[in-house]
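# Fold the following and give me the result.
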Amino acid sequence: MLDAGGVLLLPDQEAIRAAVGPYVADVPDDATCNRNHYRLMGEVDRIMEGVDTFDEPDWTGLDATMATYFGVGDEHVDAVRPRLRDVYLATPWVAAPGAVGALLALQAAGYPLAVVSNAGGDMEEQLETRQICAVDGQSAQVAIVVDSHRVGVAKPDPRIFGYALEALEIAAERCLYVGDTVHFDVKGARNAGLQPVHVDPHGFCGAVDHPHVGALADLPPLLGPYPGATASGSSPRT
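Take a look at the predicted model:
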């Protein structure tokens, strides 16, 4: 199972530049935009550390923090904060580097795939439009795209993973969940009995109690072929 944001998709870098460009001395390149996304997820985990409930972090404050990452001065943070919120909530995201190839490699190795995402109701369409993956399309095939807005429950609540487990017909303890936060993804996977894998390309997470990868593309060679997979890449749903 895979998260969407930070694993398959990243915030649109052009939209970020449009949001912060008028307020900064140096307009950020793609690498800086991507790095600051993961830096923000690290901040989410920092402020939510030890929180045992399913409470949401203070996104308004986090938007302001994100603005400072790009060098926005204090006098302009209030103007930039809602512009960045629109990038995250109202602008379609773009494919994460290497994500498409990694999904195809996992599929070829026989792994059944599913997406579980805290999203706004259009995640399945975003993934299909970007030709990243689809339940029925020309890209990598997934059993289901579970969108929190549509099912009415969100990570780290373990119930959201149940929809994907049912579609995959695989026991929770045999599933990996790949995400880019500790609070939502590592904690959520463990709540549901899945094994977490944390995408942390810049080493912002210092925890040693769960595995990390730099990108989804690192995962296929680490996993090898799916146990029991046939030459065609299909696998038993056990």
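
# got the contact list for residue 148?
117, 118, 119, 154, 155, 160 (C-beta atoms under 8 Å, 6 or more residues apart in numbering). C-betas here are computed from N, CA, C, even on glycine.

# Over to residue 86?
By C-beta under 8 Å, 6+ apart, the residues touching residue 86 are 15, 19.

# where does it land in three-state SS?
helix (DSSP: H, G, I helix; E, B strand; the rest coil).

# quick thing: my sequence starts at 229, can you match it?
Right, with 229 as the first residue, what we last looked at is residue 314.

# Spit out the contact partners of residue 395.
Residue 395 is in contact with 342, 371, 372, counting by C-beta under 8 Å, 6+ apart.

# Could you check how far the spatially closest residue to residue 325 that is not a sequence neighbour is from residue 262?
Spatial nearest neighbour of residue 325, chain neighbours left out: residue 443 (6.9 Å); criterion: C-beta to C-beta, 6 or more residues apart in numbering. Distance of residue 443 to residue 262, computed by C-beta to C-beta, to the nearest Å: 10 Å.

# Poorly predicted segments of the protein, please.
The model of the chain has pLDDT under 70 over residues 457-466.

# Which residue of this protein lies farthest from its centroid?
Distance from the centre of the chain peaks at residue 303, with 31.5 Å (C-alpha atoms, centre = their mean).

# For the protein, which segments count as helices?
With DSSP state H, the ranges of helices along the chain come out as 241-248, 258-276, 287-297, 305-317, 327-336, 351-357, 376-379, 387-396, 415-419, 447-451.

# any chance of those in TSV, with distance to residue 431 too?
Formatted as TSV, the helices of the chain follow (distance: least, C-beta to C-beta, whole Å):
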stretch	distance to residue 431
helix 241-248	21
helix 258-276	9
helix 287-297	16
helix 305-317	23
helix 327-336	20
helix 351-357	27
helix 376-379	28
helix 387-396	27
helix 415-419	19
helix 447-451	17
